[in-house]
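1. with the input below, show me the fold.
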Amino acid sequence: MSTLQFYAERAADCRRQADAANLENVRARCLSAASAWDDMADRVRRTQVYREEDAARKAAHQISRQVADESGVEPTRRGGEVK
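-> Numbering: from 1, shown residues only. Modelled structure (predicted):
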């Protein structure tokens with residue numbers, strides 16, 4: 001089970017507990033916990049997207065460096081840095 005799945009299951013479990021709760025304070029506590037689990041799941045999703053985009057960016061950069069090395073052309077510079 002992935003971390004994302006774990007967080008999603010915990011959020012769903014908290015929502016089920018909230019639905020079954022008779023006391024308003026218990027329902028509110030369960031919904032608050034579900035919201036916290038959802039927030040953690042969202043952070044995991046954003047991190048996964050960032051890592052995928054970063055890996056793609058690094059791969060593209062590596063390819064452009066290889067092409068530049070093979071052709072003898074300087075890579076494009078932006079702001080004084082090699083991009």
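2. tell me the mean pLDDT over stretch 67-78?
-> Per-residue pLDDT over stretch 67-78 has a mean of 71.
3. which one's the longest helix in the protein?
-> Counting residues, the longest helix in the chain under DSSP state H turns out to be helix 24-71.
4. elements contacting it?
-> Helices and strands touching helix 24-71, by 3 or more CB pairs under 8 Å, 6 or more residues apart in numbering; DSSP states H and E, are helix 3-20. Where C-beta positions appear, they are placed from N, C-alpha and C, glycine not excepted.
5. what's the nearest residue to Ala41 if we skip its chain neighbours?
-> Using CB to CB, 6 or more residues apart in numbering and skipping the chain neighbours, the partner closest in space to Ala41 is Tyr7 (3.9 Å).
6. distance of that neighbour relative to Asp38?
-> 8 Å (CB to CB, to the nearest Å).
7. buried set for stretch 4-19?
-> Using 16 or more other CB atoms under 10 Å as the test for burial, stretch 4-19 gives 4, 7-8, 10-11, 14-15, 17-18.
8. switch these over to TSV; also include pLDDT.
-> Shown next, in TSV, are the buried residues of stretch 4-19 (pLDDT from 0 to 100):
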residue	pLDDT
Leu4	95
Tyr7	98
Ala8	97
Arg10	98
Ala11	98
Cys14	98
Arg15	98
Gln17	98
Ala18	98
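9. now, which of those residues sits nearest His61?
-> When the buried residues of stretch 4-19 are ranked by distance to His61 (CB to CB), Leu4 comes first, at 28.0 Å.
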